[in-house]
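Novice: Test case, fold it:
(one chain, ligands or ions: 2)
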Amino acid sequence: MENLKDIVSKFEINEKIVDVKPMGEGLINDTYKVFVDGFEKPKYVLQRINNAIFQDVDMLMDNINKVTDHIHSKNKNTLQFLKTNYGNSYHFDGEKYWRVMVFVPDSITYQLVTPEYSYIAGKSFGEFESLLSDLKKPLGEIIPDFHNIEFRLKQLRDAVAEDRVGRVKEVKYYLDEIFKREEKMTLGERLFREGKLPKRICHCDTKVNNMLFDKEGNVLCIIDLDTVMPSFVFSDYGDFLRTAANTGTEDDPNLDNIDFNMEIFKAFTKGYLEGTKDFLLPIEKENLPYAAMLFPYMQTVRFLADYINGDTYYKIKYPEHNLVRTQAQWRLFEKAEEKESEMKSLVLGY
Ligand code: GN1
Ligand code: MG
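Specialist: Numbering: from 1, shown residues only. Ligands and ions are numbered 1, 2, ... in the order given. As a prediction, this is how the structure comes out:
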């Protein structure tokens, strides 16, 4: 890892860098822990920005700086990024883009959460949106149409039409099921066009493991700010439940493990409604059950399109990985859909 140490040394760090080791589970960027002389625990985090996906690295870091400065100005915890020796917010080594942030000590991440932690997470993500609701500086749409389901369905249709690697024939079942629900699942975009649904600054990647907890279960910090951008509140609410309410894993090869846990749904919704009480509109609240279905649906569409395209977007661990992910996300969608009316009456009761 000699080379990685050299990269870290481009940043404003006075300590001697002794080791750099891989960390994390992200599907997009590569992340490493940085150890310095005299400290047993990591002191910094080095990350290679995947610039095939985040093509405008200046816009990316500019968005993140605006968000972290704004949160800091309210004396709340957020990630802290280091500048390079030459004052930039990232380092380009001629081929790859790198950034360094301060490691949050004594933090724990979870892949699965209890209802109690989901309540805390709901409140924290709600408060995160609330903290950013008065950010005046505009943020760039770092990945245009990121959570636009109409756009994601178009990408799926394009992938099918091209059928680059001949996989369409084996996924017909999923394509039929997805397109059968097109009208129902594109509701958000229609409400937006009718002027009924606003966009707000959202995190847009509220997976369970993007929240750092301490031992007592308090939220220390929300991480992975790459996709912070204007979106419907459905993004943060729905994507959290996609990972938290799933009783299996995102890529569970055993579909029997997968269910949509209503205890998590209840606790998270309660927390989220508390965290957002200052700004959430009735139309947003009313459609939270739609959001809970939308995110497993959208993730199925995205994994399936990547599978059909020959695995060009998500990192995979084995050749069928994106197909297994598709099947697992679809099962989760079906389980959420079965609970649609129960979710609706619960939300009305809050
Ligand atoms: C990607 O890299 P990671 O795991 O933070 C993706 C999310 C998906 C997620 C699925 C920029 O996030 O949108 O929901 O994988 N991020 C991007 O696990 O596409
Ligand atoms: Mg991410």
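Novice: Have a look at this protein and report its longest helix.
Specialist: Assignment by DSSP state H gives helix 288-308 as the longest helix of the chain.
Novice: Counting by contacts, list what that one packs against.
Specialist: If contacts are counted by 3 or more Cβ pairs under 8 Å, 6 or more residues apart in numbering; DSSP states H and E, helix 288-308 sits against helix 149-162, helix 172-180, helix 182-185, helix 187-193, helix 234-244, helix 262-275, helix 321-338, helix 340-349. Yep, even glycine has a C-beta here, placed from its N, CA and C like the rest.
Novice: try it again with 7 Å
Specialist: Judged by 3 or more Cβ pairs under 7 Å, 6 or more residues apart in numbering; DSSP states H and E, the packing partners of helix 288-308 are helix 149-162, helix 172-180, helix 234-244, helix 321-338, helix 340-349.
Novice: and that helix with helix 234-244, angle?
Specialist: Here helix 288-308 runs at 70 degrees with respect to helix 234-244, directions being taken by axes from the mean of the first three to the mean of the last three Cα atoms, to 10 degrees.
Novice: do helix 288-308 and ligand 2 meet?
Specialist: No: on the criterion Cβ under 5 Å from the ion, helix 288-308 is out of touch with ligand 2, staying 12.6 Å away.
Novice: just to revisit the earlier point, tell me which of the helices and strands packed on helix 288-308 sits most buried.
Specialist: Highest mean neighbour count among the helices and strands packed on helix 288-308 (mean count of other Cβ atoms under 10 Å): helix 234-244, with a mean of 27.
Novice: Quick one: mean pLDDT for that one?
Specialist: In this model, helix 234-244 carries a mean pLDDT of 96.
Novice: Next, see if that helix gets close to ligand 2.
Specialist: No: Helix 234-244 is not in contact with ligand 2 by Cβ under 5 Å from the ion; minimum separation 10.0 Å.
Novice: Centre of the chain to that helix, how far?
Specialist: 8 Å (Cα atoms, centre = their mean, to the nearest Å).
Novice: before we move on, what about stretch 215-223?
Specialist: Taking Cα atoms, centre = their mean, one finds the center of stretch 215-223 at 17 Å from the center of the full chain.
Novice: which ones are touching the most centrally placed residue in the chain?
Specialist: Centroid check for the chain by Cα atoms, centre = their mean gives residue 205 as the closest residue, at 1.4 Å. Residue 205 is in contact with 224, 227, 239, counting by Cβ atoms under 7 Å, 6 or more residues apart in numbering.
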